[in-house]
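Peer 1: Structure for this input, please:
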Amino acid sequence: MNNTEDIKRVRMVLKDDVDEDDIDGLAFNANWDLIEVAKEDPREGTPYQVIWATEGEREAIHYINDHVLNLRYVLVKGNAPDNVLWEIRKTLHVYEVSEIIEELNSATEADAIVKAINKLAVAAPQSFDFETYNLFKKYAAHPDPEVRSAVIFAMSYPAWKEFRQLVEQLGLNDPNSEVRETAQYFLEGYSRFGN
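Peer 2: Numbering: from 1, shown residues only. You can find the predicted model right below:
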């Protein structure tokens, strides 16, 4: 993974029937080299993570158990990760974005909406996607302040610069003070990281 400009990052949310043993088996069968096992550190905000690399370290594969979103997913990074992505999709049960959107659109309770928004945040493409953006925008106007706060947090995963204006509006105009504070906190991150 030499040229960092060309590195693709793709995240896939694992379905509930997939466990760490399944991905360990895939890594073994695919001859991925184990690079690191990083323990969860809630104080630092870092999730449990297992990292492998393909031969020649062309791609890195991260299994992540994200305690904040309460999701498990795989992150693949590399210049040409298509073969690794195909192998993962062939071997493991992962959510397709269309399934997540269907789940989100059919959710009626706040908890179900938040869970689906979190899945969408993880599975969102690396580059801006108008359909996904519009879903975040729709739920940023949800009547439940817990949903709106969750949307703000979830937008930090794809971290598209296009989200900034939406977060600014929530930080200034949301009727709930906790939502405004959450938005202000994330706006500081946008300023720090140049989005």
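Peer 1: Isn't residue 12 up against residue 94?
Peer 2: Yes. The pair residue 12 and residue 94 passes the contact test of Cβ atoms under 8 Å, sitting 4.2 Å apart. (Glycine included, C-beta is placed from N, CA and C.)
Peer 1: list the residues that contact both of these two?
Peer 2: 74, 88 (Cβ atoms under 8 Å, 6 or more residues apart in numbering).
Peer 1: so how far is residue 152 from residue 121?
Peer 2: According to Cβ to Cβ, to the nearest Å, residue 121 stands 11 Å off from residue 152.
Peer 1: Repeat that for residue 89.
Peer 2: As for residue 89, its distance to residue 152 is 30 Å (criterion: Cβ to Cβ).
Peer 1: With neighbour numbers in mind, choose between the two.
Peer 2: Neighbours per residue (other Cβ atoms under 10 Å) separate residue 89 from residue 152, with residue 152 holding more: 24 against 12.
Peer 1: per-residue pLDDT, the more buried one?
Peer 2: On the pLDDT scale, residue 152 is placed at 97.
Peer 1: ok but it is inside a strand, no?
Peer 2: No. Using DSSP: H, G, I helix; E, B strand; the rest coil, the assignment for residue 152 is helix, not a strand.
Peer 1: Going forward, the N-terminal residue is numbered 24.
Peer 2: Noted, 24 is the first residue going forward, which turns the last one into residue 175.
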